[in-house]
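1. With the input below, show me the fold.
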Amino acid sequence: MSQREDLTFIDLFAGIGGIRLAFEAIGGSCVMTSELDKWARQTYSAYFDEDEEDDHFNWDIKDLDPSEVPDHDVLTGGFPCQSFSIAGVSKKNALGRSHGFDDPTTGTLFFDIKEILLEKQPKAFLLENVKNLQSHDGGDTWKVIAACLHEAGYVFTSKVLDAADVVPQHRERVFIVGFHRDAFGVEEDRFLDWDAFWDDVDNRIGHFADEFRQTYGVPPEEKWPRVGPILESHEKVPDKYTLTENMWEYLQDYKRKHRAKGNGFGYGMVKRDDAYTRTLSARYYKDGSEALVYRGEDRRPRRLTPLECARLQGFPADFQRMYDRSEKGPEQPVSDTQAYKQFGNSVCVPIVTAISKSIRPLLEVPSDLTEFPDADVAVQEELFSDYDNETIVSAVSAG
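-> Residues are numbered from 1 along each chain as shown. Prediction:
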C-alpha cells in the first residue's frame with residue numbers, strides 16, 4: 001500500500017466518530033459504520049454529512065452477517081466498556097447483575113468483532129476499551145480476548161495511554177493494535193518486541209501536545225496541559241450549567257459522609273490552573289460530579305459545557321463548532337443530556353490519531369513489521385501459560 005492508495009476501514013461501535021476522525025487524518029476511507037444508539041448516529045450523521053439510512057450504515061452489529069461486511073484494510077472499534085469498567089463492575093455487583101462476558105447486553109459484543117476478523121481477515125485492527133479490561137475477572141477476560149485474536153491469525157500489542165498527555169483530562173484507556181500474521185509474514189510462533197511501535201506513538205502524542213498548546217495560546221514557558229485554556233468565560237456560560245442549590249448541597253453531603261468513612265468518593269472540582277479534570281463518563285449529565293468547574297468561594301460550581309467536553313476529548317475545531325453558542329454555525333445536533341453521554345463514551349481523538357499515524361507506515365511497508373526484534377518475554381504466550389486450555393476453548397467457542 002503506497003501513500004497514494006486509499007486505506008479503507010470500518011468503524012464499529014462508532015459513537016460520534018472519534019476513531020473515524022483519527023483514520024481519516026491518515027487518508028483513510030470509511031466503508032462501513034455500525035452504531036446502535038440513535039442519538040449518537042444523529043450526531044455522527046450531522047458531522048460527517050451522511051444519512052444513517054445509507055447501505056454502509058449498520059445499526060445493530062448483532063444483526064450483521066460478517067460475510068456482508070465490506071472488504072477493508074483496518075477494523076476499528078471501541079466496543080462497549082460498561083461491562084468491564086471499574087465503575088460499571090462495582091455498580092453491577094451492587095445490583096447483583098452480571099458483568100464482563102457474562103453481561104448479556106454488552107459483554108459478548110467482542111465476539112462479534114472476532115467473527116468479522118475471522119471472516120474478512122483485515123490487515124490490521126485497532127480496538128479501545130477501559131483500563132480495567134486487562135484486570136477484569138482476575139485477568140481471565142484479557143486471556144480470552146488474547147485467545148480470540150490469536151485464533152483469528154493476528155499478532156498484537158496493547159498499551160494503556162492517558163489523554164492527559166495531550167489534553168487536560170485524565171483518561172486512561174487500553175488500546176489493542178494487531179496485524180494479520182499472513183499479510184505481514186510473521187510466523188505463528190513469533191512474538192514481537194513492540195517498544196519501537198509505542199515509542200513512535202509516544203513521540204506523535206508529544207507533537208500533538210505541542211499543537212494543542214499552540215491552539216490554546218499557551219506559551220512554552222507555561223505548563224500544558226492546563227484546564228483554564230479550554231474553559232469558556234464564566235460570564236458567557238448560561239445559568240443552566242450552574243448547579244442548583246439542592247444539587248450542590250446533596251453533592252457536598254455525599255462527599256462529607258464518605259470522607260468520614262475514610263474513602264475518597266465524591267465530586268471533583270477543577271480550577272483553571274489545574275493540570276486536568278477527572279475522566280468524563282457517560283453519567284456526566286446526571287450531576288457533573290466528575291468535573292465541576294470552580295467559580296469562586298461564594299458561588300455554586302457549574303458543569304462543563306458540551307463545547308468544553310468536546311475540547312477535553314480533543315475534537316477538531318469544525319466539530320466543536322456544532323456546540324459553540326457564539327458562532328452562527330450548525331445547531332447542536334442533540335440535547336445537552338445526549339451530548340454529555342456521547343462525549344463521556346468517546347475516545348480522545350489525538351491519542352487515537354497518534355496510533356493511526358504509527359499504523360499507516362507498517363501498512364505501506366509490511367516488511368518493516370517482520371524486522372521488529374523478538375520479544376524477550378512472549379507476552380501473548382504468557383497469557384496462555386497459566387490458563388486452563390479447555391476454559392479458553394470453551395470461552396472462545398461461546399462467541
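
2. tally of neighbours for D140?
-> A count of nearby residues for D140, using other C-beta atoms under 10 Å, gives 17. Where you see a C-beta, it was placed from the backbone N, CA and C, and this is true even at glycine.

3. what about it, which SS state?
-> What DSSP: H, G, I helix; E, B strand; the rest coil gives for D140 is helix.

4. go on, the one 10 residues further on?
-> Taking three-state DSSP as the rule, one finds H150 in the helix state.

5. Next: D11.
-> When classified by three-state DSSP, D11 comes out as strand.

6. how about it, what does it touch?
-> Counting by C-beta atoms under 8 Å, 6 or more residues apart in numbering, D11 makes contact with 17, 19-20, 23, 30, 32-34, 76-77.

7. Look up phi and psi at the most centrally placed residue in the chain.
-> The residue lying closest to the centre of the chain (C-alpha atoms, centre = their mean) is V347, at 3.2 Å. Main-chain torsions, V347, degrees, to the nearest 10: phi -90, psi 160.

8. what's near enough to touch the residue nearest to it when sequence neighbours are not counted?
-> The shortest distance from V347 to any residue other than its chain neighbours is 4.1 Å, reached at G18 (C-beta to C-beta, 6 or more residues apart in numbering). G18 is in contact with 78, 313, 315, 346-349, 352, counting by C-beta under 8 Å, 6+ apart.

9. ok, now P229?
-> Listed by C-beta under 8 Å, 6+ apart, the contact set of P229 reads 168, 216-218.

10. And for V160?
-> Residues near V160 by C-beta under 8 Å, 6+ apart: 131, 134, 172-175.

11. pretty sure it belongs to a helix, no?
-> No: under three-state DSSP, V160 sits outside any helix and is assigned strand.

12. Specify the beta-bridge partners of it.
-> Per DSSP bridges, the residues bridged to V160 are V174.

13. ok, now how distant is it from V69?
-> To V69, V160 is 29 Å away according to C-beta to C-beta, to the nearest Å.

14. Quick check: which ranges of the chain have low pLDDT?
-> By pLDDT under 70, the low-scoring segments of the chain are 1-5, 55, 81-107, 329, 377-399.

15. domains in it, as residue ranges please.
-> Listed by automatic domain parsing, the domain ranges of the chain are 7-212+349-397, 223-345.

16. Which of the ones you listed has the highest mean neighbour count?
-> domain 7-212+349-397 (a mean of 18; mean count of other C-beta atoms under 10 Å).

17. before we move on, the earlier item: and of the contacts of D11, the nearest to T305?
-> Of all these, T305 sits closest to G17, with 20.0 Å by C-beta to C-beta.

18. If anything else comes up later, I'll come back, but that's it for now.
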